[in-house]
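In: Predicted model and sequence follow; I will ask about them next.
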Amino acid sequence: MSSSSGSLARYIAVRLLLVIPMIWVLLTIVFFLLRVAPGDPVSAAVGGKLSEEALDTRRAALGLDRPLIVQYLDYLGDVVRLDFGATISDNRPVLDIIRDQGGATLTLTIGAFLFALLIGLPLGRLAGRRRDTALDAGIRVFGVVSYAAPIFWVGIMLVILVVKLFPGWPTYDIASVTTKFTTEPRTHILLVDTILAGDGAAVQDVLKHHVLPCFALGLLLSGVIIRLVRVNVIQAMQGDYVEAARARGIPERQVVRRHAFRNALVPVITVIGLQVALTLSGAILTERTFNWPGLGTELVQYVTARDYVAVQGLVTFFALVVVIVSLLVDVLNALVDPRVRY
Amino acid sequence: MRHWFNTIWNTRGLARWILVAGLVIVVAFVVLALLAPWVAPYEFNQSKVDGEKLPKLAHPSGDYWLGTNDQFYDIWSRVIWGARTALEVIFLSVAFSIVLGVPLGLVSGFVGGWVDRALVFVMDSLYALPSLLLAIVFSFLLRGPLGGGIVAAALSLTCIYIPQYFRVVRNTTVSTKEAVYVEAARAIGAPPRTIMRKYLFGNVVQSVPVIGTLNAADALSTLAALGFLGFGIQPTEASEWGYDLSRALDDAQAGTWWPALFPGLAIILLITGLTLVGEGLNETLNPALRRRRLIPVQMPAMRADDAIDARNV
């Protein structure tokens, strides 16, 4: 027992150590990409609005007049202290943006994952069980199409359907105006805030607003899950232990549920974790579709405003999220599957 | 080529039909794109005929097959011209990323050492980032020097896909360069250039067609996503499906369906076609997944003297 837990601890330690250079490389890439670009960040963002002296003051305040290497080291130091700078266009700390808008993105993605599992697991299992039948073909086509359909298009279609069939059901934003303004921001996660406030009507309002965007994003993610579960069930069904279970006379339904399906789920954890990148991309698009006040919307606005500091800060934050979540997934996977630890 | 054709021909079952269905869809779009000037009733940015505006948001009808949008454009024409834009960008971006990614992977895998390790690390890090995020950053950067045209869009997509080719080609190179025939080539004095070009390249590019078609599908969805967010091809440059969808957002809230439905269907159809081709190629070219068609074995008829020979032995 002690040796196995020791190897797990070592695995996690090694994985942690590997994350640091990866984050460093990502930060370096982000920094230099945004700095080698021709043009000057300050005049790109607020040029024409301010006088030349004011622009110079802004540049000096941002430290853009210093040598590149100093700026680079400064940036690394700031990120270590979780300081992502303040935007050029409206002088708002990026950390404030993350705090205020991050909650909306968080609840959107969690809801989407719930929908994705709800749709993906049963369909993938069914397709794997009935391999090469019409049902399998149909589910696979659904998987391909849900992956192929641009999430924003699916979102728009859902909006049109809901507008026509259920007029009055919310089709954009995270809550109605009254809920937004009456809820006191404690955690800055609107759903949690309304629950903390004990306002049942507000909770209901926020949940209603979540259904459509979460479902749209969930459909996108379910395509991946269907494909994966299907392949895994097929592979697991060919495993020796499945044959052994059959040989012992265990009914086929139980063989599938207890023996094949359960083992087919292990890789799903990994792949769901790896979908963080896809989820973030999807979230950016979903937010734009549903006018969702999350980080994606902010990113889009600041890219449009050509605000280098804001874009750099938000991209850095997204990169950190991706790396940290994949680290967590690896650790979780090692806990679930002993074969992973080496 | 012949080798690939034979393997595809000898595959049985669903895989071949997937491939055929995909090819039919893709070829249809290519034909539509090539014939766009003759098939499309209007120019991609034509809102007037003889100085008179087309109707705004007209229902699909005999005059305007797919209706018109909020900019007085004919949607059927926009869809057709959009196919041309999409295929141009896809082709360019896949071509760019193969041209850059394959040699990079080949050299990195062959040379090894710290160059290889550094490149792998950078590529893996890039690969970890959400591709849309990278594309947004690159289009943000390229917008200044290159403008918002087709080449700029293709280049922002290229940057996302290079790591994939790099990775696959580099890993195959590393394993292939230990093969006996490579060692033999080295023993008879072949310089690295020759080994890479003549011995490694042919083995290493096997997986490129599959990645290429799957990337093409992905490139299209990223292009549309960029267009939807407003970072893609400028509306003055060409017709683009993603941009049309972003214009359709407000109409959708009002329940108007046709400006959004058709560009979206075009995207889905083309992506599905490309994905089917990729999946079909994967299942036919990958020996582990392939189900072979049984080829009837013809035994030569046994002749009497053979039987006698056999007995004498």
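Out: Great, that's in hand.
In: what residues does the stretch 51-200 of chain B put near chain A?
Out: Counting by CB under 8 Å from any CB of the partner chain, the residues of the stretch 51-200 of chain B lying close to chain A are B:121-122, B:124-126, B:128-133, B:136-138, B:140-141, B:144-145. Every C-beta, even on glycine, is put in place using the N, C-alpha and C of the backbone.
In: Buried among these? Need that as a selection in PyMOL.
Out: In PyMOL, this line selects whichever of those come out buried by 16 or more other CB atoms under 10 Å in any protein chain shown:
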select buried, chain B and resi 122+125+126+128+129+130+131+132+133+136+137+138+140+141
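In: tell me the pLDDT at B:Asp309?
Out: We have a pLDDT of 60 for B:Asp309.
In: which stretches of the stretch 51-200 of chain A have low pLDDT?
Out: Within the stretch 51-200 of chain A, no stretch has pLDDT under 70.
In: That should have said chain B, apologies.
Out: B:1-5, B:7-13, B:286-297, B:301-313.
In: Now residue 180, what are its backbone angles?
Out: Using chain A here. phi -60, psi -40 (degrees, to the nearest 10).
In: got a list of what it touches?
Out: A:Lys180 makes contact with A:174, A:190, according to CB atoms under 8 Å, 6 or more residues apart in numbering or on different chains.
In: Roughly how far does it sit from A:Thr194?
Out: In this structure, A:Lys180 and A:Thr194 are 10 Å apart, going by CB to CB, to the nearest Å.
In: B:Val99 now?
Out: From B:Val99 to A:Thr194 the distance is 54 Å (CB to CB).
In: Over to A:Glu243?
Out: 53 Å.
In: Those two: which has the busier surroundings?
Out: Using other CB atoms under 10 Å in any protein chain shown, the more surrounded residue of A:Glu243 and A:Thr194 is A:Thr194, with 24 against 13.
In: secondary structure element for that one?
Out: Assigning secondary structure by DSSP states H and E places A:Thr194 in helix A:190-197.
In: Same question for A:Val206.
Out: helix A:200-237.
In: Tell me the helix or strand right after that helix.
Out: helix A:240-247.
In: Around chain B, which positions in the stretch 51-200 of chain A sit nearby?
Out: Counting by CB under 8 Å from any CB, the residues of the stretch 51-200 of chain A close to chain B are A:132, A:137, A:144-145, A:147-150, A:152-153, A:156-157, A:159-160, A:163-164, A:171-172.
In: swap the cut-off to 7 Å and go again
Out: Near chain B, the residues belonging to the stretch 51-200 of chain A are A:132, A:137, A:144-145, A:148-150, A:152-153, A:156-157, A:159-160, A:163-164, A:171-172 when assessed by CB under 7 Å from any CB of the partner chain.
In: ditto for the stretch 201-342 of chain A
Out: A:277, A:280-281, A:284-285, A:288-289, A:300, A:303-304, A:311, A:315, A:318-319, A:322-323, A:326.
In: Just the buried ones among the residues you listed, please.
Out: By 16+ other CB under 10 Å, those give A:277, A:280-281, A:284-285, A:288-289, A:300, A:303, A:311, A:315, A:318-319, A:322-323, A:326 as buried.
In: so which strand or helix has the residue most central in space within chain B?
Out: Per CA atoms, centre = their mean, the C-alpha nearest to the average position across chain B is that of B:Ala216, at 1.8 Å. Using DSSP H and E, B:Ala216 sits in helix B:208-229.
In: ok, then the element right after that helix?
Out: helix B:241-253.
In: What residues sit buried inside that next one?
Out: In terms of neighbour count (16+ other CB under 10 Å), helix B:241-253 has its buried residues at B:241-249, B:251-252.
In: List the contacts of B:Ala83.
Out: Neighbouring residues of B:Ala83 by CB atoms under 7 Å, 6 or more residues apart in numbering or on different chains: B:29, B:32-33, B:266.
In: if we go to 10 Å?
Out: Counting by CB atoms under 10 Å, 6 or more residues apart in numbering or on different chains, B:Ala83 makes contact with B:28-34, B:36, B:39-40, B:239, B:241, B:266-267, B:269-270.
In: Tell me, how many residues neighbour A:Leu121?
Out: A:Leu121 has 18 nearby residues by other CB under 10 Å.
In: Looks like it contacts A:Phe261 (just checking).
Out: Yes: using CB atoms under 10 Å, A:Leu121 and A:Phe261 qualify as a contacting pair, with a distance of 8.7 Å.
In: Mutual contacts of A:Lys180 and A:Thr194, please.
Out: By CB under 10 Å, 6+ apart, the residues touching both A:Lys180 and A:Thr194 are A:202, A:205-206.
In: which SS class is A:Arg66?
Out: Under the three-state scheme (DSSP: H, G, I helix; E, B strand; the rest coil), the conformation of A:Arg66 reads as coil.
In: Which residue is the nearest non-sequential neighbour of it?
Out: In this structure, A:Arg66 finds its nearest non-sequential neighbour in A:Asp74, 7.8 Å apart by CB to CB, 6 or more residues apart in numbering or on different chains.
In: Count the residues that sit near that neighbour.
Out: 13.
In: what angle separates the longest helix belonging to chain B from helix B:241-253?
Out: The helix that spans the most residues within chain B, counting by DSSP state H, is helix B:75-111. Interaxial angle, helix B:75-111 versus helix B:241-253 (axes from the mean of the first three to the mean of the last three CA atoms, to 10 degrees): 130 degrees.
In: Go through helix B:75-111 and flag the buried ones.
Out: B:75-90, B:92-94, B:96-98, B:100-102, B:104-110.
In: Now stretch A:274-288: average pLDDT?
Out: 88.
In: quick one: that stretch to chain centroid distance?
Out: Remark: stretch A:274-288 is offset 5 Å from the chain centroid, using CA atoms, centre = their mean, to the nearest Å.
In: Show only the entries of the residues of the stretch 201-342 of chain A next to chain B found in helices.
Out: Short answer: those in helices (DSSP H) are A:277, A:280-281, A:284-285, A:288-289, A:300, A:303-304, A:311, A:315, A:318-319, A:322-323, A:326.
In: Once you drop chain neighbours, what's closest to the residue in the stretch 51-200 of chain B that chain A sits nearest to?
Out: Going by CB to the nearest CB, chain A is nearest to B:Leu132 of the stretch 51-200 of chain B, at 3.5 Å. Spatial nearest neighbour of B:Leu132, chain neighbours left out: A:Ser281 (3.5 Å); criterion: CB to CB, 6+ apart.
In: ok, that neighbour to B:Pro130 distance?
Out: 4 Å.
In: Ok, B:Cys159 next?
Out: Distance from B:Cys159 to B:Pro130, by CB to CB: 13 Å.
In: quick revisit: residue contacts, the residue nearest to the centre of chain B?
Out: For B:Ala216, the contact set (CB under 10 Å, 6+ apart) comprises B:26, B:86-87, B:89-91, B:93-94, B:157, B:161, B:270-271, B:273-275, B:277-278.
In: quick revisit: same list (the buried residues of helix B:241-253) but as a markdown table, adding distance to A:Leu332.
Out: As requested, the buried residues of helix B:241-253 are exported to a markdown table (distance: CB to CB, whole Å):
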| residue | distance to A:Leu332 |
| --- | --- |
| B:Trp241 | 39 |
| B:Gly242 | 36 |
| B:Tyr243 | 40 |
| B:Asp244 | 42 |
| B:Leu245 | 37 |
| B:Ser246 | 37 |
| B:Arg247 | 43 |
| B:Ala248 | 40 |
| B:Leu249 | 38 |
| B:Asp251 | 44 |
| B:Ala252 | 39 |
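In: which of those residues are close to chain A?
Out: Among these, the residues lying close to chain A (CB under 10 Å from any CB of the partner chain) are B:241-242, B:245-246, B:248-249, B:251-252.
In: quick one: which of the residues you listed is nearest to chain A?
Out: The shortest approach to chain A among these belongs to B:Ala252, at 4.6 Å (CB to the nearest CB).
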